[in-house]
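Asker: Following is a predicted model, sequence given first.
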Amino acid sequence: MSEQKPSRSNRRGLTLLTVLFLGQGAATWYFMPSARWMLVSHIGKAVAVLGFFGFATLARIELLRQTEWRERANQPVTKQVVDSGIYGIVRHPTYIGYMICAVGLAMIAQHWAAIALGAAIVPYTAYAVLQEERENLSRFGDEYRAYMDRVPRFNLIAGLLRHSGGRGKR
């Protein structure tokens with residue numbers, strides 16, 4: 001497989017997603033002291049930690065385990081479809097982690113700014129997933145198609161059932 005950089009539109013999309021997250025994080029930090037329902041705020045903290053560490057970080061670790069490092073650019077290069085670890089349960093665990101984290105941050109702050117940014121992050125993340133899947137199909141072809149048939153995009157329950165020998169699909 002040839003090495004490819006993410007497309008310009010995908011890089012722009014990830015930049016926008018980063019800006020939205022930074023904005024939501026700032027709003028959460030600023031408005032958290034005024035949260036009305038402390039139980040919801042505490043649950044939101046657990047949800048945000050689960051999203052960030054339970055999905056996004058685990059996915060990143062698995063991806064780095066399965067990639068080679070480009071020496072000159074000091075960045076990872078994926079030359080095959082990664083389907084081990086959490087990538088064997090869902091195709092986009094990092095993005096799922098981002099969406100879960102955005103919901104958790106909105107729950108922590110309980111302010112319209114954090115909620116609005118979270119409401120923008122979730123559908124935009126889903127759109128970014130579709131963009132990435134198109135790129136992966138063009139890059140990996142049939143190997144990625146077979147992966148798409150085996151592993152659901154977002155459905156954790158179906159992914160866990162399939163991974164454990166059950167019969168869940170997408």
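Answerer: The structure has been received and is ready for your questions.
Asker: Can you report how many residues neighbour residue 38?
Answerer: Residue neighbour count, defined by other Cβ atoms under 10 Å, stands at 9 for residue 38. No exception for glycine: its C-beta is placed from N, CA and C like everyone else's.
Asker: hmm, I was thinking of residue 12
Answerer: Applying other Cβ under 10 Å, we find 11 residues neighbouring residue 12.
Asker: Now do it, the pLDDT please.
Answerer: On pLDDT, residue 12 comes in at 74.
Asker: Residue 147 now?
Answerer: At residue 147, the model reports a pLDDT of 91.
Asker: Isn't it up against residue 88?
Answerer: No: in this structure, residue 147 is not within contact of residue 88 by Cβ atoms under 8 Å, at 9.5 Å.
Asker: what touches both of these two?
Answerer: Listed contacts common to residue 147 and residue 88 are nil; contacts here mean Cβ atoms under 8 Å, 6 or more residues apart in numbering.
Asker: Now do the helices in this protein.
Answerer: Ranges of helices in the chain, per DSSP state H, are 8-31, 38-49, 58-65, 93-109, 112-140, 142-150, 156-163.
Asker: tally of neighbours for residue 152?
Answerer: Residue 152 is flanked by 21 other residues according to other Cβ under 10 Å.
Asker: how close does it get to residue 62?
Answerer: 17 Å (Cβ to Cβ, to the nearest Å).
Asker: now swap in residue 36 and tell me
Answerer: Residue 36 sits 38 Å away from residue 62, going by Cβ to Cβ.
Asker: more neighbours, those two?
Answerer: Remark: of residue 36 and residue 62, residue 62 carries more neighbours, 19 against 8, as counted by other Cβ under 10 Å.
Asker: ranking the helices of the chain by burial, who's on top?
Answerer: Most buried of the helices of the chain, by mean neighbour count (mean count of other Cβ atoms under 10 Å): helix 93-109, with a mean of 24.
Asker: That one - what's its average pLDDT?
Answerer: For helix 93-109, mean pLDDT rounds to 92.
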